[in-house]
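1. After the sequence you'll find the predicted model.
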Amino acid sequence: MTRRARGEGGLHWDERRERWIATVTVGDDGRGKRMVRKASGRTKTEAKTKLRELVRDRDDWLRGNGYTVRDAVEELVYRHQLRPGLQTGATVMDQLSNHRDESA
């Protein structure tokens, strides 16, 4: 059996429920806790189908929101404050490119 790539979700058997469980991480809640969506199926094939739907819904949501790499970087820097003393008025991307120029 091969492993799924990152971002493709997971599939496992729940002995207690006697069902296959599909799980997909859709992001985090702002405090670092993962938000996971789940679906179940009586057969592995049914759960795989639901897994594909969960992944497709997540990807559609990301594309539909216009969430870009720039947004992700700005959120990361803001959330984790990777660069203390950020200048006000300049965007994070401008400051990161200035930092890159200074370090070269």
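-> Right, received. Where do you want to start?
2. For the rest of this, base every contact and every neighbour count on C-alpha atoms.
-> Will do.
3. What are the boundaries of the strands in this protein?
-> Taking DSSP state E as the criterion, the chain carries its strands at 10-14, 19-28, 34-41.
4. ok, and which of those has the densest surroundings?
-> strand 19-28 (a mean of 19; mean count of other C-alpha atoms under 10 Å).
5. List the strands paired with it, with their directions.
-> strand 10-14 (antiparallel), strand 34-41 (antiparallel) (DSSP bridges).
6. Output these in a markdown table, with mean pLDDT and distance to residue 51 appended to each entry.
-> Formatted as a markdown table, the strands paired with strand 19-28 follow (pLDDT from 0 to 100; distance: least, C-alpha to C-alpha, whole Å):
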| stretch | mean pLDDT | distance to residue 51 |
| --- | --- | --- |
| strand 10-14 | 94 | 8 |
| strand 34-41 | 92 | 7 |
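7. wait, which of the ones you listed is closest to residue 2?
-> Smallest distance to residue 2 across the strands paired with strand 19-28 (C-alpha to C-alpha): 11.8 Å, for strand 10-14.
8. what does that closest one contact?
-> Residues from elsewhere that reach strand 10-14 (C-alpha atoms under 8 Å, 6 or more residues apart in numbering): 4, 19, 20, 21, 22, 23, 24, 47, 48, 51.
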